[in-house]
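Visitor: missing the sequence, but the structure's below:
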């Protein structure tokens, strides 16, 4: 059938790509340019396959006639043909069985009434069809009905059992994101950095030194901690099946005979309830399935802008965007005024109209740099165009260009860097017996140095995306501290962390570029040149060498673009963009 052919074509494209990779591996050091070009060609073919949307298969007529009608939900729409006859009906305290049979009396329509249908019906309707009457009676009196190929079946308002499928993973996810500004004294706190970062990031330590990284869940230790002046902690827990079961029990209630059974392994839900309650369950499950199916591709670029002399106070966003620009516009701000009622930062700054529907620049940004940490969105889907604008104010270095896809309300973590172990505690154990034995004990803690991006999206029905963003850029170096203890000078090798991070919540439409900036630092560069040997002489060596120290200011800029996945066309576009980047790499690799 058509779907099978589409699957075979996609499988063939993947197998061809794998075969090409194996052949390339058998060659003797093939040129990098050829490998990049070949990979780009295979991605282009895969994009064409993903862009094709085969028509759903149509079963043969004899199979269609043999298929059973659906077990619940709304009846299928009637076949195209003559319009259903309309009539007026007015009854008062008529037995339900006689009422339903009277609706089709003298017509060509067929209707079967269940033997347990009892009660009396009173209503007045004008210019209605048979199905409209059945719908009205169902809503008011609870009698259910079902459409069959030969007509209609009327069922009593009794408990019924339905089985629903909810395709989702059987897992529980938990995430935690923290941003701290340390201040104060050291205390013996069991909820120290060692415990908190150990539980959240799979890292732990006796001294509880903060680790700016992300990773799998682990068990951390207790120990010393630094009291914090400011802390933002974001927790996310995803247990879809538990929340689904609780919601269904609320909808169905705990009346006699009502049951809700959730089977995570088979991804099915069994509900026993009245027909009216089952219809509510179906509508709720439709909303849940639609929400779980929403997916977004997150593209990010983490840039380091080495500012020119005229922009040492920071990037001038007012001059960059311009108050009269139609292509770019301010979207949100974590300092000062905010479009959101919750999740706002405590950092003060300029305020302005930050509505996504009518963005405008805050006062002062047209002529001066936008101070503080902030976030904005620009009405463009091109990273390169925005990077070109940044180049007008400094030298731009791309630190990382990660891309990840995730479903709505699920945390995605991107980590690029390395872990290095440092000594965080040294202790000794002395055993006294015939001889005294001292055994040293060293505690090593991994410190992450690199880039980590933590993003949690929520996709609405209209395609808007609310993002919780927590990027971290850290650099860890070792340093030696000299401390005098009990009259003795002790040298302690410690880890020194330079961290730049932001924790914020922004809203953007699919394809908009979210910009996070304001993370500045001074970079000191020491240069030394001189005559060998003579330049190292004491006292007079300075006459034979030249030393220069320069201080440059740089600003970290994070660009993030969420793209809501809509069928195979979005994946095809993403594959084509990757193929285009590989083609641009091919000439450079060939040189």
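Guide: Nice, I can see it. Note that the coordinates shown come from a computational prediction; the quantities given were computed from them, not determined experimentally.
Visitor: mind naming the longest strand for the protein?
Guide: strand 436-459 (DSSP state E).
Visitor: which parts of the stretch 201-350 of the chain are strands?
Guide: Under the criterion DSSP state E, counting those that start in this stretch, the stretch 201-350 of the chain carries strands at the ranges 223-238, 259-263, 268-273, 295-307.
Visitor: pLDDT (mean, whole number) over the longest one?
Guide: Read it as strand 223-238. The average pLDDT for strand 223-238 rounds to 69.
Visitor: then the shortest one?
Guide: Confidence for strand 259-263, expressed as mean pLDDT, is 94.
Visitor: show me what that strand is packed up against.
Guide: On a contact count with 3 or more Cβ pairs under 8 Å, 6 or more residues apart in numbering; DSSP states H and E, strand 259-263 meets helix 240-252, strand 268-273. In short, each C-beta sits where N, CA and C put it, glycine included.
Visitor: quick one: contacts of it?
Guide: Here strand 259-263 makes contact (Cβ atoms under 8 Å, 6 or more residues apart in numbering) with 241, 244-245, 248-249, 252, 269-272.
Visitor: quick one on the thing from earlier: okay, now the sheet partners of the longest strand of the chain, with direction.
Guide: As defined by DSSP bridges, the strand partners of strand 436-459 come to strand 412-432 (antiparallel), strand 464-485 (antiparallel).
Visitor: can you lay out those strands as a markdown table showing distance to residue 180?
Guide: As requested, these are exported to a markdown table (distance: least, Cβ to Cβ, whole Å):
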| stretch | distance to residue 180 |
| --- | --- |
| strand 412-432 | 18 |
| strand 464-485 | 12 |
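Visitor: save the ones you listed as a markdown table, and put in distance to residue 541 and mean neighbour count too.
Guide: Formatted as a markdown table, the strands paired with strand 436-459 follow (distance: least, Cβ to Cβ, whole Å; neighbours: other Cβ atoms under 10 Å):
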| stretch | distance to residue 541 | mean neighbour count |
| --- | --- | --- |
| strand 412-432 | 35 | 14 |
| strand 464-485 | 26 | 16 |
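Visitor: and those strands as a markdown table, adding mean pLDDT and distance to residue 458?
Guide: Output for the strands paired with strand 436-459, formatted as a markdown table (pLDDT from 0 to 100; distance: least, Cβ to Cβ, whole Å):
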| stretch | mean pLDDT | distance to residue 458 |
| --- | --- | --- |
| strand 412-432 | 82 | 12 |
| strand 464-485 | 85 | 5 |
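Visitor: mind listing what's buried along stretch 384-397?
Guide: Going by neighbour count (16 or more other Cβ atoms under 10 Å), the buried part of stretch 384-397 is 386-387, 389-390, 393-394, 396.
Visitor: for these, which two are the farthest from each other?
Guide: Farthest-apart pair in the buried residues of stretch 384-397 is 386 and 394; separation 13.8 Å (Cβ to Cβ).
Visitor: out of the helices and strands in the protein, which is least certain?
Guide: Least confident helix or strand, the chain: helix 193-201 with a mean of 36, by mean pLDDT, DSSP states H and E.
Visitor: any low-confidence regions in the stretch 101-250 of the chain?
Guide: By pLDDT under 70, the weakly predicted segments of the stretch 101-250 of the chain are 182-229.
Visitor: strands - which of the buried residues of stretch 384-397 land there?
Guide: 394, 396.
Visitor: I'd like the buried residues of stretch 384-397 laid out as a markdown table, including distance to residue 294.
Guide: Putting these into a markdown table (distance: Cβ to Cβ, whole Å) gives the following:
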| residue | distance to residue 294 |
| --- | --- |
| 386 | 26 |
| 387 | 29 |
| 389 | 32 |
| 390 | 32 |
| 393 | 37 |
| 394 | 38 |
| 396 | 33 |
